[in-house]
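>>> Provided below for reference: sequence and predicted model.
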Amino acid sequence: MFSASVMFFTMACLVASSLGSPYQRREVPQEHAHQKFLTNVTALLQSGNAAENNPLGILDAVFGLLGNAAGAQGAGKVTDVTCLQQATADQAFTNAKKTGDVVGMTAALAYRTLERNTGKVGLKSDLCTSIKAVNPEIAVLTQHQDPASGGAKEGNKAIVLELARQIASVNGDPLVALQTGTFAPGDPNDPTGKGNSCDDQPDPIGCIETKNLLVPDATEAEILAAVAGNGGAASG
């Protein structure tokens, strides 16, 4: 079972959801599946002075999980949309770090590792290579890949273990990392591109969790062992 601090993290994200979102629904398959992380990250971008807390003018965290064509509509000044997810997470983490917001830092780290939409089942999303994150905790992370793609099982497990180490490094609960997992592998021949995903925008937690569709990348024991064996990136 998840710890009490994981439950606190979920409740804190639900409180943040009351701030709403300017995003309008698009015909893409799973960007709202982990909604609680998106809500918290968007709230961090929209907090305080925009020039300081969102200098790139990113409209909403959801755009970083879309394909590049759709994501560009909310990318603000981010010129390489492939790096929009990283840039969004990096700014949100910076904002949360300034106020010692552990829930916010945890959400930003988790958001960075969420799977991005791609055009078909089994297709990997491109990695960000043109921009380096300011925060080392974000810089060492990449996004989950489609579970039907080659090497996804091993790769996604490595991602979630690294995420757990980074969450622990900011005094968050590393078990939250398990909530970033993706769906069961779909059929690469699925003409809809949907696979086994869901995308219920009104769900403030995220349909992958409320519909019990999430496939954990690791066990709780593996998460705790990874944290015990190696600290996260230095937090200055």
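Cool, the structure landed.

>>> now what about the longest helix along the chain, what contacts it?
Longest helix in the chain, counting residues (DSSP state H): helix 152-169. Helix 152-169 is contacted by residues 106, 109-110, 112-113, 124, 137, 140-147, 173-178, 180-182, 185, 217-218, 222-223, 226-227, 230-235 when judged by CB atoms under 8 Å, 6 or more residues apart in numbering. Every residue, glycine included, has its C-beta placed from N, CA and C.

>>> just the buried residues out of the residues you listed, in ChimeraX syntax.
Buried members of those, defined by 16 or more other CB atoms under 10 Å, are picked up in ChimeraX with:
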select :106,109,110,112,113,124,137,140,141,142,143,144,145,146,147,173,174,175,176,177,178,180,181,182,185,217,218,222,223,226,227,232,233
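
>>> state the number of residues packed around Gly155.
As a burial measure, Gly155 scores 17 neighbours (other CB atoms under 10 Å).

>>> an error on my part: the question was meant for Thr129.
9.

>>> can you say which helix or strand has it in it?
Assigned by DSSP states H and E, Thr129 falls within no helix or strand.

>>> from Cys83, how far off is it?
8 Å (CB to CB, to the nearest Å).

>>> returning to what we had before: for the longest helix of the chain, which positions count as buried?
Buried-residue list, helix 152-169, by 16+ other CB under 10 Å: 152, 155-157, 159-169.

>>> helices of this protein, start to end?
Counting by DSSP H, the helices of the chain are 4-16, 35-45, 50-53, 68-71, 84-98, 102-112, 136-139, 152-169, 207-210, 220-229.

>>> comparing the ones you listed, which yields the minimum mean pLDDT?
With a mean of 49, helix 4-16 has the lowest mean pLDDT of the helices of the chain.

>>> one step back: quick one, the longest helix of the chain and helix 220-229 angle?
Computed by axes from the mean of the first three to the mean of the last three CA atoms, to 10 degrees, the angle separating helix 152-169 from helix 220-229 equals 50 degrees.

>>> and stretch 179-187, how far apart are its ends?
From the first residue to the last, stretch 179-187 extends over 23 Å; the measure is CA to CA, to the nearest Å.

>>> what is the mean pLDDT for that stretch?
Mean pLDDT, computed over stretch 179-187, is 95.

>>> which residues does the residue nearest to the spatial centre of the chain contact?
The centroid of the chain falls nearest to Tyr111 when counting by CA atoms, centre = their mean (1.8 Å). Counting by CB under 8 Å, 6+ apart, Tyr111 touches His34, Phe37, Leu38, Asn40, Val41, Ala61, Gly64, Gln85, Thr88, Ala89, Ala92.
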